[in-house]
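>>> just coords:
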């Protein structure tokens, strides 16, 4: 049985669903390394961005779980990001095969406790919340970077407010703040939908583990309390509230952090994926043109030297 380190199974499943959709989809698309785009590094497992890790950390997390050859490839991805990451994935991505069971093992046994500790450092008191609420804040920290709870600027305004609410005990405001973060993305974007899933699960956590708090919802406090109580009484219905139902053409790129400050961050996932594929295709085409020119020059010199004889 997995040790979830104090978060609920519902929260754990939510994060896995948002990162890789599910086991079947993972097995079809994510067993190797892939490049999510922007300044991400080669990514595998449950959103494990090797480009943001040190080689020693990769060694500690993955040794004994993959072959020595695969481990060397994963270690080589340390610090590799952006265009270099895209090239690295093209060269080595298919040489790595990470099973879903291994990915879950690393995520639960290595990532989860490490990022929960980081969450507590940037959002003190988060670790004392109920399992659903704690798990939701973990999901946000994993996706947006836990440092967002203390970063300045309007992009992280809601995360700073969430941190203040945790400190003051005003938990009822947090679902509304989570929903407010959706302003950063188009409604078709998977991250937009992820924030709604998180808000609903946080409301359920308030109803079951913090009953003195009042859920805030779009329909008003009374409607929110009714929604939370209904979800608490009917776990399958509650699961359906946040279960990932994304259009497969609009999957959120894997990877831990959003592209903060990147002008393309507001584009939907599908557009960003097309842009990344277009950039890769142009690079391949340019390389082939260079190879063709080199070949043509070699032929010209060969025939030119024969003519001189």
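That came through, no problem. As the structure is a computational prediction, the values presented were derived from the model and not from experiment.
>>> Need the contact partners of stretch 159-168.
122-126, 129, 137, 140, 144, 148-151, 170-171, 173-174, 177-178, 181 (Cβ atoms under 8 Å, 6 or more residues apart in numbering). C-beta: built from backbone N, CA, C; applies to glycine.
>>> Which positions in it come out as buried?
Going by neighbour count (16 or more other Cβ atoms under 10 Å), the buried part of stretch 159-168 is 159-163, 165-166.
>>> what are the ranges of the helices in the protein?
Under the criterion DSSP state H, the chain carries helices at the ranges 9-20, 23-29, 55-62, 68-76, 83-92, 100-106, 112-122, 131-144, 157-168, 174-180, 190-209, 221-233, 235-242, 269-308.
>>> could you dump the buried residues of stretch 159-168 to TSV with distance to residue 81 and pLDDT?
Shown next, in TSV, are these (distance: Cβ to Cβ, whole Å; pLDDT from 0 to 100):
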residue	distance to residue 81	pLDDT
159	23	98
160	27	98
161	30	98
162	28	98
163	28	98
165	33	97
166	31	98
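>>> Check what pLDDT residue 186 gets.
pLDDT, residue 186: 93.
>>> Would you point to the one among the helices of the chain that's packed deepest?
With neighbours taken as mean count of other Cβ atoms under 10 Å, the helices of the chain reach their highest mean count in helix 131-144, at a mean of 26.
>>> In terms of secondary structure, what does that helix contact?
When contacts are defined as 3 or more Cβ pairs under 8 Å, 6 or more residues apart in numbering; DSSP states H and E, helix 131-144 sits against helix 9-20, helix 112-122, helix 157-168, helix 174-180, helix 190-209.
>>> Next one: residue 290 from residue 179, what distance?
Using Cβ to Cβ, to the nearest Å, we find residue 290 at a distance of 50 Å from residue 179.
>>> nope, residue 142 is what I was after
Noted for residue 142: a distance of 19 Å to residue 179, by Cβ to Cβ.
>>> Could you do residue 153 as well?
20 Å.
>>> re earlier: nearest to residue 45, out of the helices of the chain?
Residue 45 lies closest to helix 100-106 among the helices of the chain, at 3.8 Å (Cβ to Cβ).
>>> which other residues reach the closest one?
For helix 100-106, the external contacting residues (Cβ under 8 Å, 6+ apart) are 2, 16, 20, 23, 26-27, 30-31, 44-46, 48, 61-62, 65-66.
>>> Please identify which of the residues you listed is nearest to residue 185.
Using Cβ to Cβ, residue 20 comes nearest to residue 185 of those, at 19.5 Å.
>>> so the closest one sits right up against residue 31, yeah?
No. Residue 20 lies out of contact with residue 31 (Cβ atoms under 8 Å); the separation is 10.2 Å.
>>> how about low-confidence regions in the protein?
214-281, 283-284, 286-288, 296, 299-300, 302-309 (pLDDT under 70).
>>> Break it down into its domains, please.
110-260, 268-309 (automatic domain parsing).
>>> for residue 21, phi and psi?
Phi and psi for residue 21, reported as degrees, to the nearest 10, are phi 80, psi -60.
>>> From residue 14, how far out is it?
12 Å.
>>> Residue 159 now?
18 Å.
>>> What of residue 8?
Separation of residue 8 from residue 14 (Cβ to Cβ): 9 Å.
>>> For those two, list the residues in contact with both.
Common neighbours of residue 8 and residue 14, using Cβ under 8 Å, 6+ apart, are residue 135.
>>> wait, what's in contact with residue 7?
Shown in contact with residue 7 (Cβ under 8 Å, 6+ apart): 112, 116, 131-132, 134-135, 138.
>>> give me the number of residues near the residue lying closest to residue 44 once chain neighbours are set aside?
Sequence neighbours aside, residue 33 is the residue nearest to residue 44 in space, at 4.8 Å (criterion: Cβ to Cβ, 6 or more residues apart in numbering). Using other Cβ atoms under 10 Å, residue 33 is surrounded by 27 other residues.
>>> Surely residue 33 and residue 90 touch.
No. Using Cβ under 8 Å, residue 33 makes no contact with residue 90, being 9.7 Å away.
>>> Now residue 7: closest residue in space that isn't a chain neighbour?
Excluding the flanking residues, the one nearest residue 7 by Cβ to Cβ, 6+ apart is residue 135, at 3.5 Å.
>>> do you know how far that neighbour is from residue 120?
In this view, residue 135 and residue 120 are 13 Å apart by Cβ to Cβ.
>>> ok, now residue 172?
When distance is defined by Cβ to Cβ, residue 172 is 21 Å away from residue 120.
>>> and if you look at residue 79?
In terms of Cβ to Cβ, residue 79 sits 26 Å off from residue 120.
>>> can you check residue 190 too?
Here residue 190 is placed at a distance of 27 Å from residue 120 (Cβ to Cβ).
>>> ditto for residue 175
Using Cβ to Cβ, residue 175 is found at 21 Å from residue 120.
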